[in-house]
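Colleague: Quick one, what's the 3D model for this:
(one chain, ligands or ions: 1)
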Amino acid sequence: MPERLFGTNGIRGVINADMTSDLALRVGKAIGVVMGGTLAIATDTRTSADMIKTAVSSGIMSVGVKVLDLGVLPTPAVQYYVKMHDNVNGGVMITASHNPPQFNGIKCISADGTEASREEEQLIEARHSEEIPCAPWDSVEGMHRIGGAGEEYVDAVISKVDSEAIKKAGLKACLDCANGAACETSPLLLKKLNVRAITLNCNPQGEFPGHLSEPTEENLKDLISLTQATGSDLGIAHDGDADRCVFITSDGKFVSGDKSLALISKYVLSKEKGLVVTPISSSSLVGEVVRESGGKTEYTAVGSPVVARRMIETGAVFGGEENGGLIFPEMQYCRDGAMTIAKMLECIVKEAPLNSQISKLPVYHTVKAKIECPDDMKKHVLEYLANASAGAKTDSTDGIKIIFDDGWVLARPSGTEPIFRIYSESKDEEAARSRADKYETLAREYLNH
Ligand code: MG
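Modeller: Numbers count the residues shown, from 1 in each chain. All right, here's what the predicted structure looks like:
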């Protein structure tokens, strides 16, 4: 078996510890021989972006494959470029998404713009440790710099929503890009939709990230106060590579990804009935709202490629993750931060202000805990928790989900970090908290014994 390089979202590691230019070069050669033809590449704004991009590109070019350098772009903008340009056989995005600044990563994109399948990743894994012969000198291609991919993406997003209705509404929004990949595209999107934007951390030359780039309530305190202080209709925040997006209401409430997934599901289902696909970690809020809106929910393992592929197979009308990564089939089968902004604006303009829509949603309480856990211990912790739950109703779609009458606990190892995650949800806040505590304590006891 080749060494497993790819986690849930590409290859990630700490720069110059496990994510080195040597590794990037070898992976680049493997990507070149596996994907072939012409490949597009782009990065987020991390200081290590050029180091990894040039090493990967060098590897790709050394095997006779042409590289199109799209510059700094959101991950979904690269995916859209690959999907729309028939001369491009695939793509590579250099990003570690929401991970802290010491990380970077390599994510591969298939010819149809979706995230590379596990089979493609396995081929790359198998080849990266081999000695791959270089192409003859006269078949080495250059690196071609391509401008305008960001605007092409923004215009496509605008074409998928009722842009006239949004433009007429004259909304005001605060936008926080965490100094990440959407620094140019998301302000441009808002400008083209006649949304007055007050920007925060939208400087790609600024310190990366402007704050830790996981868009959580804690990391978005400045955005929350700015949204309220400026009387904006909403606040908008991306993670580092802008495949995800979360919102803030005009009265300063953080809208978790579950809630925006539920709201947009309801809006999509009001126009077309069908299936909504989401991972097993999503709140029961999504299932409840989908059911009330005349749709059906299908649950998958965690990981957006799994959700996207299931959406393709089932012809689902919508899908996405509880972290704000929403997938719109009319645009493309991947998480799309700009599309999420545009659709939420349309939903506000057509339905009601964000705060009043949020206040009408059923209330579930979710407690999330994460426990540091070495990768080689993850399997054992999972077994221990499964044994501790013997006799209970469980679901093993991903990790272990223990189902109670009034809620559930999901315990699963992270695919990208040495972390074990516990999610607990119930309509009863105390029950959610005590169950999260119980499973967190069990996992810690096992790890410390
Ligand atoms: Mg991301």
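
Colleague: What is the neighbour count of the residue in the chain that the ion sits nearest to?
Modeller: Among all residues of the chain, residue 97 sits closest to the ion, at 3.2 Å; criterion: C-beta to the ion. Any C-beta I mention is one placed from the backbone N, CA and C, and that applies to glycine too. Per other C-beta atoms under 10 Å, the neighbour tally for residue 97 reads 27.

Colleague: correct me, but it touches residue 104?
Modeller: No - checked against C-beta atoms under 8 Å, the pair residue 97 and residue 104 is beyond contact range at 10.0 Å.

Colleague: Mind listing the shared neighbours of these two?
Modeller: Common contacts of residue 97 and residue 104, defined by C-beta atoms under 8 Å, 6 or more residues apart in numbering, are absent altogether.

Colleague: quick one: buried residues of the strand or helix carrying residue 155?
Modeller: In this structure, residue 155 sits in helix 149-159 according to DSSP states H and E. Residues 149-150, 152-154, 156-158 are the ones in helix 149-159 that count as buried (16 or more other C-beta atoms under 10 Å).

Colleague: Next: stretch 31-38.
Modeller: Residues 31-36, 38 are the ones in stretch 31-38 that count as buried (16+ other C-beta under 10 Å).

Colleague: Filter those residues down to the ones in strands?
Modeller: Residues from the buried residues of stretch 31-38 lying in strands, with DSSP state E as the criterion: residue 38.

Colleague: can you list the residues of the stretch 1-150 of the chain near the ion?
Modeller: residue 97 (C-beta under 5 Å from the ion).

Colleague: Show the residue spans covered by the helices in the stretch 1-150 of the chain.
Modeller: Counting by DSSP state H, counting those that start in this stretch, the segments of the stretch 1-150 of the chain that form helices are 21-35, 49-62, 75-84, 118-128, 149-159.

Colleague: To residue 337, which of those helices lies closest?
Modeller: Comparing the helices of the stretch 1-150 of the chain against residue 337 with C-beta to C-beta, the closest turns out to be helix 75-84 (6.4 Å).

Colleague: what's the closest one in contact with?
Modeller: For helix 75-84, the external contacting residues (C-beta under 8 Å, 6+ apart) are 40-42, 44, 70, 73, 88, 90-91, 93, 95, 97, 107, 109-115, 149-150, 152-153, 156, 181, 185, 241-243, 331-332, 334-339.

Colleague: I only care about those residues that end up buried; give me the PyMOL line for that.
Modeller: Selecting only the buried entries of the contacts of helix 75-84 in PyMOL, with 16+ other C-beta under 10 Å as the criterion:
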select buried, resi 40+41+42+44+70+73+88+90+91+93+95+97+107+109+110+111+113+114+115+149+150+152+153+156+181+185+241+242+243+331+332+334+335+336+337+338+339
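
Colleague: Sitting in strands, which of the contacts of helix 75-84 do you find?
Modeller: Counting by DSSP E, these contribute 40-42, 70, 90-91, 93, 107, 109 to strands.

Colleague: picking that back up, nearest spatial neighbour of the residue of the chain closest to the ion, skipping sequence neighbours?
Modeller: Leaving out its chain neighbours, the residue that sits closest to residue 97 by C-beta to C-beta, 6 or more residues apart in numbering is residue 241, at 5.0 Å.

Colleague: Give me the phi and psi angles of that neighbour.
Modeller: For residue 241, the backbone dihedrals (degrees, to the nearest 10) come out as phi -110, psi 10.

Colleague: my guess is it meets residue 45, correct?
Modeller: No - under the criterion of C-beta under 8 Å, residue 241 makes no contact with residue 45, lying 9.2 Å away.

Colleague: Mind listing the shared neighbours of these two?
Modeller: 180-181.

Colleague: how does the chain divide up, domain by domain?
Modeller: The record's domain split for the chain, according to automatic domain parsing, is 11-147, 152-359, 365-448.

Colleague: mean confidence for the longest one?
Modeller: Predicted confidence along domain 152-359 averages 96 (mean pLDDT).

Colleague: likewise the shortest one?
Modeller: For domain 365-448, mean pLDDT is 93.

Colleague: who does residue 144 bridge with?
Modeller: Judged by DSSP bridges, the bridge partners of residue 144 are residue 68.

Colleague: Surely it and residue 68 touch.
Modeller: Yes - between residue 144 and residue 68 there is a contact under C-beta under 8 Å: 5.2 Å.

Colleague: Looking at these two, which is more packed in?
Modeller: More neighbours surround residue 68 than the other of residue 144 and residue 68, with 21 against 12 (other C-beta under 10 Å).

Colleague: Now for residue 156: which residues touch it?
Modeller: Shown in contact with residue 156 (C-beta under 8 Å, 6+ apart): 80, 84, 331.

Colleague: switch to 7 Å and redo it
Modeller: By C-beta atoms under 7 Å, 6 or more residues apart in numbering, the contact set of residue 156 is 80, 331.

Colleague: same check, this time on the one 10 residues further on
Modeller: Residue 166 makes contact with 193, 345-346, 349, according to C-beta under 7 Å, 6+ apart.

Colleague: Next one: it from residue 125, what distance?
Modeller: 44 Å (C-beta to C-beta, to the nearest Å).

Colleague: One more: residue 112?
Modeller: Computed with C-beta to C-beta, the distance linking residue 112 and residue 125 is 21 Å.
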